[in-house]
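Trainee: When you get a sec, could you give me coordinates for this:
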Amino acid sequence: MRLVTTTIGAGLAVLSISAALGARGGQTQPARPGAPAEENILIAQGWSSLVAGQLTDARAKAEQVVQRYPRNVAGAVLLVEVEIARGGGLAGLSAYDAWMGDRKVEDGNLLRRVSRAMLWDAARVPEASVDALQYLAADGDAEARGQLARRMLENSLGETRALARIGDEAAARKLIDTMDRTQGSKTLLIAAVVETRSPLAIPSLIRILDDTNHPENVAAAANGLGQLNARNALPQLQRLFTDQAQISPVRFSAAGALIKLGDTSGLAFLQARLMQEAFPNGGSPTAVRLAAARELAGQPDRSWITVLEEALNDPAPDMRVQAAELLAPYEVDLVRGAVERLLRDDNPAVRERAGKLLVQRLAGDFGTLRRMLRSPDAPVQVAAAGRILELSR
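Mentor: The predicted structure follows:
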């Protein structure tokens, strides 16, 4: 019943302005003096049936409106709401698809309603719940934020991370404290802390640079300090980079962090690795080049772009998707073609990464995002719905 009751306010508004809605966005003709009132009567009756829970009758009224008056947006609003109440967000999307037909201009407000319904559906699915609630909370949904907050109190890391991403300081502090107390490898926690963009994390990350037992932690912390513009970490980062005994990932991250902080002492080192052709132990040149390219992303030049363009054709799909992520801001059309091919890959992790890249960084149009709402991968559906909320605010 929650889906029905949330439409009451919208329904009452539509009853009084349905004729005006018909002129919205240039998609329908304005009401004419003396025009038949049948469409408005049907819409009013449909909303009354929907609020009363008489979904079959409400659907019949909505279908009459969209069939007889296909340019009436208020009729489409009613039909989508009825289908959401009957079958959830995907049913609402199908109703929207049918109403759109061969129209060229998407209705952002109606697509937003569909996306919110799909996110609430996803919030009930364990593997998609956290991301769905995060997008809803970022859109101002108090219920979604409350659910995340309650789960954070139960020490749920995913929900804490989601709240921290949208600027919740208490969640950021909790993540930092958890990172401080965790022993052993903690690269995922370090990444979560860096995502908060909170300067409160800097002292903790600097301390991690002295971890002699877990170089993976050191590399992640160095990378994070560069992203957080931690200039007080320059001496420690310089020490790590110049220490020839450090493993390559640590030196790569330290060099990249120094560059972000305005120190180019590691620039030649990274540029040499970017162009490295082969390795005595048979390692992958593409993997090393991509690692260097990632640290040089703030200073792209022609050779940097060329290396990534070549990596888009690497036999390994995970190499191709990494190259696409780095190259996306500079070669949109080329990267989009590569991503569309990656969406057909057999590996679901590759498809998910490619799908998120498409919806979050390449697609600025509702048409593409609407298509991605039907992705076979739930995380991509959620990302597409979240992006639609961002673009339609």
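Trainee: can you list the weak-confidence ranges in this protein?
Mentor: Applying pLDDT under 70 to the chain picks out residues 1-36, 278-283.
Trainee: thinking Asn217 is in contact with Ile208, fair?
Mentor: Yes. With contact defined as C-beta atoms under 8 Å, Asn217 reaches Ile208; the gap is 5.3 Å. Placement of C-beta: from N, CA and C, glycine included.
Trainee: list residues touching both of the two?
Mentor: Among the neighbours of Asn217, those also in contact with Ile208 (C-beta atoms under 8 Å, 6 or more residues apart in numbering) are Ile190.
Trainee: ends of stretch 363-374, how far apart?
Mentor: Separation of the first and last residues of stretch 363-374 by C-alpha to C-alpha, to the nearest Å is 15 Å.
Trainee: can you start the count at 44 instead of 1 from here on
Mentor: OK, 44 is where the count begins now, so the last one is stretch 406-417.
Trainee: buried sites along that stretch?
Mentor: With burial defined by 16 or more other C-beta atoms under 10 Å, the residues of stretch 406-417 counted as buried are Ala406, Phe409, Leu412, Arg413, Met415, Leu416.
Trainee: Looking at these, which is nearest Ala276?
Mentor: Closest approach between those and Ala276, by C-beta to C-beta: Ala406, at 36.2 Å.
Trainee: and the closest residue to the closest one other than its chain neighbours, what is it in contact with?
Mentor: Spatially, and ignoring its direct neighbours in sequence, Ala406 is nearest to Leu412 (5.5 Å; C-beta to C-beta, 6 or more residues apart in numbering). Contact partners of Leu412, counting by C-beta under 8 Å, 6+ apart, are Leu154, Val402, Ala406, Ala427, Arg430, Ile431, Leu434.
Trainee: Please pick the buried ones from the residues you listed.
Mentor: When the contacts of Leu412 are checked for burial by 16+ other C-beta under 10 Å, the buried set is Leu154, Val402, Ala406, Ala427, Arg430, Ile431, Leu434.
Trainee: Among the contacts of Leu412, name the ones in helices.
Mentor: Among the contacts of Leu412, the members found in helices (DSSP state H) are Leu154, Ala427, Arg430, Ile431, Leu434.
Trainee: Leu98: which of these is nearest?
Mentor: Distances from Leu98 to the ones in helices among the contacts of Leu412, taken by C-beta to C-beta, are shortest for Leu154, at 22.0 Å.
Trainee: any idea how far the closest one is from Gly410?
Mentor: The gap separating Leu154 from Gly410 is 10 Å, by C-beta to C-beta, to the nearest Å.
Trainee: export stretch 127-138 as CSV, just CAs?
Mentor: Taking C-alpha atoms only, stretch 127-138 is exported to CSV below (Å, rounded to 0.1, in the frame of the first residue of the first chain):
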residue,chain,number,x,y,z
ILE,A,127,4.1,1.0,-10.3
ALA,A,128,1.4,0.2,-7.8
ARG,A,129,0.5,-3.0,-9.7
GLY,A,130,4.0,-4.3,-10.5
GLY,A,131,6.8,-2.1,-9.2
GLY,A,132,9.3,0.1,-10.9
LEU,A,133,9.9,-2.1,-14.0
ALA,A,134,6.2,-2.2,-14.7
GLY,A,135,6.2,1.6,-14.5
LEU,A,136,9.1,1.7,-16.9
SER,A,137,7.2,-0.5,-19.4
ALA,A,138,4.3,1.9,-19.2
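Trainee: Next, the buried residues of it.
Mentor: Using 16+ other C-beta under 10 Å as the test for burial, stretch 127-138 gives Ile127, Ala128, Arg129, Gly130, Gly131, Gly132, Leu133, Ala134, Gly135, Leu136, Ala138.
Trainee: give me the element the closest residue in space to the first one that isn't next to it in sequence is part of.
Mentor: With C-beta to C-beta, 6+ apart as the measure, Gly135 is the residue that lies nearest to Ile127, at 3.9 Å, once sequence neighbours are left out. Gly135 is located in helix 132-143, with elements delineated by DSSP states H and E.
Trainee: Would you pull up how far that helix lies from the middle of the chain?
Mentor: Centre-to-centre, helix 132-143 and its host chain are 22 Å apart (C-alpha atoms, centre = their mean, to the nearest Å).
Trainee: Likewise for stretch 166-185?
Mentor: Per C-alpha atoms, centre = their mean, the centroid offset for stretch 166-185 relative to its chain is 12 Å.
Trainee: cool, and stretch 339-349?
Mentor: Using C-alpha atoms, centre = their mean, the offset of stretch 339-349 from its chain centre is 25 Å.
Trainee: repeat for stretch 266-277
Mentor: For stretch 266-277, the separation from the chain centroid amounts to 25 Å (computed by C-alpha atoms, centre = their mean).
Trainee: Sort out which residues of it are buried, please.
Mentor: Buried positions in stretch 266-277, judged by neighbour count with 16+ other C-beta under 10 Å: Asn266, Gly267, Leu268, Gly269, Leu271, Ala273, Ala276.
Trainee: do the same with stretch 303-318
Mentor: Applying a neighbour-count criterion of 16+ other C-beta under 10 Å, one finds Lys303, Leu304, Asp306, Gly309, Leu310, Phe312, Leu313, Gln314, Arg316, Leu317 buried in stretch 303-318.
Trainee: Surely Leu133 and Asp164 touch.
Mentor: Yes. Contact between Leu133 and Asp164 holds when scored by C-beta under 8 Å: they sit 7.4 Å apart.
Trainee: Give me the nearest residue to Gly398, chain neighbours excluded.
Mentor: Val423 (3.3 Å).
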